[in-house]
Every structure is written in structure tokens, then in C-alpha cells.
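K.L.:
Here is my input; please provide its structure:
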Amino acid sequence: MDVMAEVSQESGFAGESGAARIQERLQKRHQARAEDAERRREAKESRSVAEEKGEYFSSTFNTERASIEELLSGCSGAERAVVTQKLEEATARTLQLQKFLNDSLLFLTQYELSKAQAALQKLQTSLTEIREEALPKKKFTFRARTKAADKAPAPLSDTPDAGAPADAGGTEVDGAAAPEQCGFSNMDDMSLTKTAEEIQQRDVLLTHLTNCKVRLFGSPSTLHLKHIDSCEILCGPVSSSVFLDHCRNSTLAIPCQQLRTHNTTDTQVYLHVTSRAIIEDCSGVSFAPFSWSYPTLEEDFAVSGLDQERNNWSQVDDFNWLAAGTPSPNWTVIPEADRRTKWDP
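P.N.:
Just a heads-up that it's a prediction; the model follows:
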């Protein structure tokens with residue numbers, strides 16, 4: 001209805017009262033149009049800002065990634081001291097790039113996020129390969145296992161690969177140095193600890209542990225848990241992903257960028273995750289917010305690049321449950337009254 005029509009409609013009103021009502025209606029119409037125009041302007045500006053942020057992220061991320069790759073390429077044929085220096089610099093810059101990605105999660109599309117994560121994984125793989133090739137560890141040979149060794153198996157960092165025979169005396173691993181490992185393997189009924197100095201942003205592997213208590217301080221690059229039974233595992237902030245496979249009847253406390261869980265049953269996970277947790281072929285898995293604390297936790301969060309204020313612990317995707325709108329029966333939230341808050345005496 002146009003203004004003249006409104007005026008005609010109000011013509012029956014007496015004098016000033018009718019004019020006042022017309023003026024009030026016109027003001028409300030004008031205010032509604034102004035508010036609608038403002039909403040449209042803000043939405044347009046918001047889209048523009050998001051696009052600008054995305055463009056800035058892509059440009060900055062790709063420039064720094066290419067610079068790190070160039071730094072790594074300079075390791076080829078260089079002296080050991082030069083390689084060591086370049087690897088240290090590349091590692092530090094890769095961690096900063098991980099932090100930059102974590103800080104940008106709010107406005108990145110899923111495609112941009114996946115692309116950046118793949119690029120970071122490629123950088124980390126290159127770092128590991130160059131370190132192993134240019135700075136090989138001392139050759140490892142197996143020795144005959146003693147009774148003492150049978151009683152107290154050594155950590156994985158001091159033993160051959162878990163898949164190799166432990167009593168193959170005098171045999172080198174493929175005639176070359178065994179790959180550097182960090183973690184524990186093939187242990188029962190033990191309390192196990194890795195310090196921040198031992199971990200130092202390395203990949204950590206825990207495999208074939210039964211009824212063990214494990215404390216991992218510091219900030220691992222990635223964490224792999226395989227064949228874990230009736231264990232309690234507490235870990236400092238993991239800068240990228242945690243991979244959990246064949247775990248049962250255990251309790252875990254882990255901060256990370258991403259959690260992927262397979263073939264796991266009856267396990268509690270106290271989680272801090274900045275993306276989303278994923279489960280597949282699991283049942284009886286329950287989640288609560290990460291609650292373990294130790295003196296250098298804040299420092300380790302800073303090293304990892306994880307955002308302490310962003311925790312999606314209850315946002316779980318079950319790849320075996322496709323019924324939209326119906327919660328998956330394979331995972332639950334631990335009731336607040338049943339959550340653990342104290343971990344160590």
C-alpha cells in the first residue's frame with residue numbers, strides 16, 4: 001500500500017489524531033526499511049571480510065609453506081651442522097604454521113582446512129625423511145634377550161620395531177639403522193613416563209600395552225595408540241592428530257587438533273579437540289572434557305599451537321551411523337557426576 005492510499009484510509013480520523021497515526025506508521029515503515037538495509041549491508045560486509053580473511057590465509061600459508069620447502073631443499077648435500085640448523089629452523093616454522101592454521105579455523109571452509117592439513121602433513125613427512133637420511137642414528141643390532149630383559153622390557157625408543165623378533169641375536173634391521181621411535185611397546189602392568197625433553201614434538205607410538213599407566217608430558221607431533229587394553233594414558237597437547245586403533249576398557253586424556261578412533265570398545269576419552277572427533281567401528285566409547293593438569297601444561301599448549309579456548313569434545317562423527325537426527329548408540333557423554341577430576345595422588 002503506498003503513502004497516498006494510507007492517507008486516504010486514515011482520512012476518517014479526526015484532525016491531529018489521524019495525522020499522528022499516519023506519521024507513526026510512516027516512521028515505523030521507514031525504520032523497518034532502514035533496519036533491513038543495515039542487515040543486508042552487514043551480511044555483505046561479513047561475506048567480504050570472510051573472503052578477505054580466506055584470501056589472506058591462503059596467501060600467507062602458501063608463501064610460508066613454499067619458504068619452508070625451499071629451506072628443506074637446501075639440506076641436500078649440505079654438511080651435518082648446516083643440516084641440523086636448517087632442520088631446527090624448519091621444525092620451528094612448521095609449528096608456527098600449524099598454530100596459524102589452528103587460529104584460522106573459524107573462517108576457513110572445509111576444503112581450505114583439508115588442503116592446509118594435507119600440506120602440513122607433507123611438510124612433517126619431509127622433515128622426518130630428511131632427518132633420518134641426513135642425520136642417521138647409530139646402527140642397531142639385536143642382542144640375546146636376558147631374563148632381566150624378559151621381566152622389564154625396554155621402551156620402544158631403545159628397542160627394535162615391535163614387529164621384529166626380539167631374540168634375533170646379532171642381526172641388523174635390514175642392514176641399516178633402525179628408525180628412531182618414541183614410545184612404549186609390548187608391556188604389561190607397568191607405570192611408564194616420557195618427559196617433554198624426550199618427546200620434543202616427535203611422533204609417539206604406544207602399542208600392545210596391557211594394564212599400564214602412561215604419562216606423556218610435553219607436546220607430541222602426532223600420537224598413535226594401537227592394541228591398548230585396560231590402560232590409563234594421559235598425554236600433553238598433540239599439535240596435529242591422534243590415531244586410536246584396537247583399544248578396549250581404557251581411559252585416555254588427550255588434547256589434540258583431530259582424533260580418529262577405530263575398532264575401540266568400552267573406553268573413556270577426556271578430550272580437548274579443536275576440530276571434530278571421528279569414530280568408526282566402535283562401541284561403548286564415552287567422552288568428557290579434558291581434565292588432566294600438570295605444571296607445564298600451559299607452556300605445552302603454546303608449543304602445540306592448539307587453541308585452549310576451542311574445545312569440541314562433544315562433537316563426534318560416527319562413520320557407521322548415518323541416521324540423520326538420531327544420536328549414534330556407539331558413543332555417549334560421561335555424566336558430570338561420573339567424570340574424573342583427579343588423576344595423580
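K.L.:
mind exporting the longest strand anywhere in the chain as CSV, just the C-alpha atoms?
P.N.:
The strand that spans the most residues within the chain, counting by DSSP state E, is strand 258-273. Below are the C-alpha coordinates for strand 258-273, written out as CSV (Å, rounded to 0.1, in the frame of the first residue of the first chain):
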residue,chain,number,x,y,z
GLN,A,258,42.0,-34.1,15.4
LEU,A,259,41.0,-37.5,16.9
ARG,A,260,40.4,-40.6,14.7
THR,A,261,39.2,-43.7,16.6
HIS,A,262,38.8,-47.2,15.1
ASN,A,263,37.9,-50.7,16.5
THR,A,264,37.6,-49.4,20.0
THR,A,265,35.3,-50.5,22.8
ASP,A,266,34.4,-49.6,26.4
THR,A,267,36.8,-46.7,26.6
GLN,A,268,36.5,-43.3,28.2
VAL,A,269,38.1,-40.3,26.4
TYR,A,270,38.7,-37.0,28.3
LEU,A,271,39.2,-34.8,25.2
HIS,A,272,40.3,-31.4,24.1
VAL,A,273,39.9,-31.3,20.3
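K.L.:
Mind checking what helix or strand follows that strand in sequence?
P.N.:
Sequence order places strand 277-280 as the next helix or strand after strand 258-273, per DSSP states H and E.
K.L.:
Which segments of the chain make up each domain?
P.N.:
45-134, 149-161+180-338 (automatic domain parsing).
K.L.:
In CSV, list those along with distance to Q31.
P.N.:
C-beta coordinates here come from the backbone N, C-alpha and C atoms, glycine included. Converted to CSV, these look like this (distance: least, C-beta to C-beta, whole Å):
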stretch, distance to Q31
domain 45-134, 21
domain 149-161+180-338, 37
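K.L.:
deepest of the ones you listed, which one?
P.N.:
Of all the domains of the chain, domain 149-161+180-338 has the most neighbours on average by mean count of other C-beta atoms under 10 Å, namely a mean of 18.
K.L.:
which residues in this structure form helices?
P.N.:
Counting by DSSP state H, the chain has these helices, from start to end: 3-9, 15-73, 80-103, 110-134, 147-151, 196-199, 297-304.
K.L.:
Format those as JSON lines; extra columns: mean pLDDT.
P.N.:
Listed next are these as JSON lines, based on pLDDT from 0 to 100:
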{"stretch": "helix 3-9", "mean pLDDT": "52"}
{"stretch": "helix 15-73", "mean pLDDT": "77"}
{"stretch": "helix 80-103", "mean pLDDT": "83"}
{"stretch": "helix 110-134", "mean pLDDT": "81"}
{"stretch": "helix 147-151", "mean pLDDT": "42"}
{"stretch": "helix 196-199", "mean pLDDT": "89"}
{"stretch": "helix 297-304", "mean pLDDT": "90"}
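K.L.:
quick one: average pLDDT of stretch 243-256?
P.N.:
Confidence for stretch 243-256, expressed as mean pLDDT, is 95.
K.L.:
State the distance from T261 to I228.
P.N.:
11 Å (C-beta to C-beta, to the nearest Å).
K.L.:
Overlap in contacts, those two.
P.N.:
Both T261 and I228 are contacted by 244, 247, under the criterion C-beta atoms under 8 Å, 6 or more residues apart in numbering.
K.L.:
Of all the helices of the chain, which one is nearest P329?
P.N.:
helix 110-134 (26.4 Å; C-beta to C-beta).
K.L.:
For the spatially most central residue of the chain, what are phi and psi?
P.N.:
Central residue of the chain (C-alpha atoms, centre = their mean): Q257, 1.1 Å from the mean position. When read as degrees, to the nearest 10, the backbone of Q257 gives phi -80, psi -30.
K.L.:
Contacts only, for it.
P.N.:
Shown in contact with Q257 (C-beta under 8 Å, 6+ apart): 98, 102, 238-241, 273-275, 306.
K.L.:
So among those, where is pLDDT lowest?
P.N.:
Scoring the contacts of Q257 by pLDDT puts N102 last, at 77.
K.L.:
Identify whichever of the helices of the chain lies nearest to T210.
P.N.:
helix 147-151 (15.2 Å).
K.L.:
who touches T109 in this structure?
P.N.:
G54.
K.L.:
Got the phi and psi for it?
P.N.:
Torsion angles, degrees, to the nearest 10, at T109: phi -80, psi 160.
K.L.:
distance of it from Q98?
P.N.:
Taking C-beta to C-beta as the measure, T109 and Q98 are separated by 19 Å.
K.L.:
Check L306 too.
P.N.:
As for L306, its distance to Q98 is 9 Å (criterion: C-beta to C-beta).
K.L.:
can you list residues touching both of the two?
P.N.:
239, 257.
K.L.:
separation between the closest residue to T267 other than its chain neighbours and T109?
P.N.:
Distance criterion C-beta to C-beta, 6 or more residues apart in numbering; nearest residue to T267, sequence neighbours excluded, is S250 at 4.9 Å. Using C-beta to C-beta, S250 is found at 35 Å from T109.
K.L.:
do the same with E70
P.N.:
27 Å.
K.L.:
K194 against R215, yeah?
P.N.:
Yes. The criterion here is C-beta atoms under 8 Å, and K194 meets it with R215 at 7.5 Å.
K.L.:
what do these two both touch?
P.N.:
Common contact partners of K194 and R215 (C-beta under 8 Å, 6+ apart): none.
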